[in-house]
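*Asks:* using only what follows, build the 3D model:
(2 chains)
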Amino acid sequence: MTQPEANGLLHECRVFCRYLCGSDPQPYVERKYVEAHEKVSGLTASTRFDRFLLGFVIRGPLYTKLADSYARFFASASVVRKKLVLLAAILETCPGASRFLGPMDSGNQFLLLLRMFGKGLLFLTSLLLAVIFLLPVQLVLEPGPKAQAVEH
Amino acid sequence: MKDPIVIVGSGPSGVHFALSLLRKGYEVTLLDVGYEKPAPVRPEDNFTALKENLEDPTAYFLGEKYDGVLLPDVKKEYYGIPPSKDYVFQTPRGFDYRASGFEPMISFARGGLAEVWTGGCYPFDDGELEDFPFNYSGIEPYYNEVARRIGITGTRDDLTRFFPFHEHLLEPLELDGHSALLLKAYARHRDDLNGRLHCYLGRTRIATLSRDLDDRKRCTYLGRCLWGCPRQSLYTPSHTLAQCQQFPRFHYRAGLRVSHFRYTSGNRITSVVARPASGGEPLEIPVQQLVLAAGALCSSKIFLDSIYRDSGTILELRGLMDNRQVLVPFINLRLIGRAANLESYQYHQIGIGIDTGDPRGYVHGLITTLKTALLHPILHSLPCDLRTAIFLVRSMHCSLGVINVNFNDTRREENLLTIEPDQESGETRLLIHYVPVPKQKAQIVLALRTIKKALWRLGCIVPPGMVHVRPMGASAHYAGTLPMSPQNRPLTTSALCQSHDFENLFLADGATFPFLPAKNITFTLMANAARIAESAF
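*Replies:* Sure thing, here's the model as predicted:
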């Protein structure tokens, strides 16, 4: 792996980490994320839409959320989605993982339900926006039979 | 002078067979590939401390090659078996199989597939033993003996109607909070669940120690069960193998894969041919009495290979069985938003039994309240983005659970094992063919309906679309290919599991079971092996 490639992965890792847990990654997580790309196959963008999506998400966590919401339903095997899942796996096994994915006591159940409702609404909004922006792009970049990529 | 006995395979059957024989004064040689488990890491750390204290925790939990990561496009069945247990599924050179309708798990590890079991010990009752040439009282002394050897926790409760109550049960482990809450809810709705749904809840029987036994230590609730108990509280056959190794008359020959046996024209076995697992010239080992205990699939392959290599005949062994398993995830509504205690026993502590009215049709569910399993496979399966999924899983971690529902199986002609020669290598390939019972879908639908209703009364819901029917082969409870039979017919065994085809051959594993109830068979495998060793030798 060349230095520019490694730097690209580090940048990706930071953006994804801010998206997933709202903070920058520890050096250990960055190291493991880069290492995983040397050992796990299928993490290289192979289609034009994959390449577009990768360029789109590294702009920031908000873009990542849009792309992730979209990919969950319309490109679940996309490289972006795989990279995010890989990072989630690393984060849940690293020191301090409980802060990221440990069980939490939410106290009042009514407030928790309200928060769940809010999060759900936010997700639906991001999904709607993502479909408006990303579906035409996917149809253009992956025309014809590749409309199969619109999986659902 | 007693004839020396050669046993093939160190799984639950092989080691208990060997231990019984050694105690009777026999000389025993056990042939095994015997891949070894790595030493436990930081045995005193609990699950949370392990992540903090290991130098490279990600390598431990996900593997050096990140094989433990389940990416969204992977279609294969996910078992959540950790990298530290990779040795269990390592395959030696020259072993190959092809399967249709079946996804087998095959192990050549020291201790066999039971090195990754979850410790469920459920004796068969008289109804389930109807096709066996003995009833419960015929095997009860051996259930008692095995329970004394391995340490099983359990108690008398509503599930006792399905699992006969045998001796040497240890006091149950401390219940985790979620399981305790479910049992409390059951106590409130017991009459309704028993009367209308014929559904019963209670403590499972598990081979995990609630007090020290021999050199094994009692469970201290480190929460590391899924990752390999560092205190050896959860029994695995490699413990019994270690006990066998203390006998001077026991010879453990690891690194050898037995491919076939040789026999005279009078069908008396004279030797076994074993190939070094790492490659090299085969060895021929003389035998007086041979015991195949390599698991139903591998023992059957050795049997088929032996006949093929002697006569060129390729036989089919019919009647392969396995339990269908269905995973039913659920959310306990009362626990949403509560903090989960990760330092608790992780496998099933309670079970659910459905009485179908048929003595052989019992449906068995193991209730696991997930705490320390990897969560990223759940995250990416939820119908939302990952950030939202993380919030949901954190909020609901304490309330998550899964029921592993087991269904029985019967011997049917269409499910068979055979072999296919490979002219180039001179080896043979095991062929497995399985077709599910036609009426099974209806059986599953009915059982799931009952379970969902029962869960609802217990304050739980099953999220839509999340029930998962596992492929056949997933339970690893393989049986039925060379069954015990009262008639002296080819390709069967006597009541003492002595082959009707070869006079000095015994089969000590699941191959001889004529019926497969909806229960983990490992306890019965061990008890039956002890029964044969005690009665036939």
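
*Asks:* near chain A, anything from the strand or helix carrying residue B:401?
*Replies:* Element membership of residue B:401, judged by DSSP states H and E, is strand B:400-407. No. With CB under 8 Å from any CB of the partner chain as the criterion, chain A is not reached by strand B:400-407; the gap is at least 9.7 Å. (Glycine included, C-beta is placed from N, CA and C.)

*Asks:* and that strand, what does it pack against?
*Replies:* Contacts defined by 3 or more CB pairs under 8 Å, 6 or more residues apart in numbering or on different chains; DSSP states H and E place strand B:400-407 against strand B:324-332, strand B:363-368, helix B:440-457.

*Asks:* what's the most buried one of those?
*Replies:* strand B:363-368 (a mean of 25; mean count of other CB atoms under 10 Å in any protein chain shown).

*Asks:* tell me how far the helix or strand just after it lies from the chain's centre.
*Replies:* Next along the chain after strand B:363-368, taking DSSP H and E as the criterion, comes helix B:376-379. Mean C-alpha position of helix B:376-379 versus that of the full chain (CA atoms, centre = their mean, to the nearest Å) differs by 25 Å.

*Asks:* okay, helix B:376-379 in PDB with CA atoms only?
*Replies:* What follows is helix B:376-379, C-alpha atoms only, in PDB (Å, rounded to 0.1, in the frame of the first residue of the first chain):
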ATOM      1  CA  HIS B 376     -22.000  -5.500  13.900                       C
ATOM      2  CA  PRO B 377     -23.900  -8.400  12.200                       C
ATOM      3  CA  ILE B 378     -27.000  -7.200  13.900                       C
ATOM      4  CA  LEU B 379     -26.200  -3.500  13.100                       C
END
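
*Asks:* what residue in chain A is the furthest from its centre?
*Replies:* Taking CA atoms, centre = their mean as the measure, the residue most remote from the mean C-alpha position of chain A is residue A:108, 30.0 Å away.

*Asks:* which residues touch that one?
*Replies:* residue B:337 (CB atoms under 8 Å, 6 or more residues apart in numbering or on different chains).

*Asks:* one more time with 10 Å, if that's ok
*Replies:* Residue A:108 makes contact with A:114-115, B:337, according to CB atoms under 10 Å, 6 or more residues apart in numbering or on different chains.

*Asks:* swap in residue A:80?
*Replies:* A:12, A:16, A:45, A:49-50, A:52-54, A:56-58, A:64, A:67-68, A:70-71.

*Asks:* residues in contact with the nearest residue to residue B:370 once chain neighbours are set aside?
*Replies:* Closest residue to residue B:370 apart from its sequence neighbours, by CB to CB, 6 or more residues apart in numbering or on different chains: residue B:400 at 5.0 Å. Residues near residue B:400 by CB under 10 Å, 6+ apart: A:103, B:178, B:329-332, B:335-336, B:340, B:368-371, B:373, B:375, B:378, B:393, B:463.

*Asks:* now the buried members of the residues you listed.
*Replies:* Using 16 or more other CB atoms under 10 Å in any protein chain shown as the burial test, the contacts of residue B:400 include A:103, B:178, B:329-332, B:335-336, B:340, B:368-371, B:375, B:378, B:393 as buried.

*Asks:* between the residues you listed, which is closest to residue B:86?
*Replies:* Closest approach to residue B:86 among these (CB to CB): residue B:375, at 20.8 Å.

*Asks:* please see if the least confident helix or strand in chain A by mean pLDDT touches chain B.
*Replies:* Within chain A, no helix or strand scores below helix A:97-101, which has a mean of 78 by mean pLDDT, DSSP states H and E. Yes. Helix A:97-101 reaches chain B (CB under 10 Å from any CB of the partner chain) through A:97-98, A:100-101.

*Asks:* ok now that helix, how far from the chain's centre?
*Replies:* For helix A:97-101, the distance to the chain centre is 17 Å (CA atoms, centre = their mean).

*Asks:* just want to check the distance between the residue in the stretch 101-250 of chain B positioned nearest to chain A and residue B:30.
*Replies:* Nearest to chain A, among the residues of the stretch 101-250 of chain B, is residue B:227, at 10.9 Å (CB to the nearest CB). From residue B:227 across to residue B:30, the span is 28 Å (CB to CB, to the nearest Å).

*Asks:* neighbour count: the two, which is higher?
*Replies:* Comparing residue B:227 with residue B:30 by other CB atoms under 10 Å in any protein chain shown, the one with more neighbours is residue B:30, at 25 against 21.

*Asks:* so which strand or helix has the more buried one?
*Replies:* Secondary-structure assignment from DSSP H and E places residue B:30 in strand B:28-31.

*Asks:* tell me the strands beside that strand, with direction?
*Replies:* Looking at strand B:28-31 with DSSP bridges, its partner strands are strand B:5-8 (parallel), strand B:250-253 (parallel).

*Asks:* and the helices in chain B, which stretches?
*Replies:* Along chain B, the segments classed as helices by DSSP state H run B:12-23, B:47-53, B:57-62, B:136-150, B:177-197, B:237-244, B:296-311, B:376-379, B:386-396, B:440-457, B:522-536.
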